[in-house]
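S.K.: Got a predicted model here, sequence first, then my questions.
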Amino acid sequence: VLRTVGLVAWLWIVAQGLFGGSSAGDVATLFLWVYGWVGLALVSALIGPAWQFLDPFSTLHDLGAALLRRFGIRPWESAEYPARLGRWPGVIGFAGFIWLELAMGGGGPSVLFIVLIGYTAYTLAMMAQFGRDPWRANGETFTVWFRLLGRLAAFALVDEEGRIRRRSLASGLLDPG
């Protein structure tokens, strides 16, 4: 259900970017800066790994992979994620989004639409190159950010399948990695 919510939010932003809206409501700004940057950050830090279940990029990747399998197209072998890169791609992306919010005043709906489409294409390409889970854990900006905040949370992600466990608040700060 949460994966559907994340995908619907992504589709809503894309639809408003392509076709405009009939109201003064700016979905891209609302979802990215208010719900994402503030709301989802608080949920990730206080409760647990909400982004793991809302992430529209992994949902798009999984839908694309399922579609390719349906047509009998076999995926290529994913390259190993270069350990020397660490989480720097995610950190650089984070700096880019901070710059967009602060230096460009949030960017506005048309800029956010272009950024969303570009970032989606980049993320899907990197997931295809390195595999969905290795890219999410190391290079995908929002996953890296929300997992960092999640080290404070009462529930921790156990694996990429979405299993979680209960822990003491902020005890994740003591975990390695």
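M.R.: Received the coordinates, thanks.

S.K.: Could you check how far the most centrally placed residue in the chain is from Glu160?
M.R.: By C-alpha atoms, centre = their mean, the chain has its centre lying nearest to Phe142, at 4.1 Å. Distance of Phe142 to Glu160, computed by C-beta to C-beta, to the nearest Å: 15 Å. All C-beta spots, glycine's among them, are computed from the backbone N, C-alpha and C.

S.K.: other SSEs contacting the helix or strand of the chain with the lowest mean pLDDT?
M.R.: Here the helix or strand of the chain ranked lowest by mean pLDDT, DSSP states H and E is helix 27-29, holding a mean of 82. Helices and strands touching helix 27-29, by 3 or more C-beta pairs under 8 Å, 6 or more residues apart in numbering; DSSP states H and E, are helix 2-19, helix 108-130.

S.K.: Turn those helices into a markdown table, columns for mean neighbour count.
M.R.: Shown next, in a markdown table, are the helices and strands packed on helix 27-29 (neighbours: other C-beta atoms under 10 Å):
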| stretch | mean neighbour count |
| --- | --- |
| helix 2-19 | 15 |
| helix 108-130 | 17 |
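
S.K.: now for those, which one comes closest to Trp99?
M.R.: The closest of the helices and strands packed on helix 27-29 to Trp99 is helix 108-130. By C-beta to C-beta, the value is 11.0 Å.

S.K.: Just read off the phi/psi values of Arg165.
M.R.: phi -140, psi 150 (degrees, to the nearest 10).

S.K.: Use 36 as the first number from now on
M.R.: Understood, numbering begins at 36; the last thing we discussed is Arg200.
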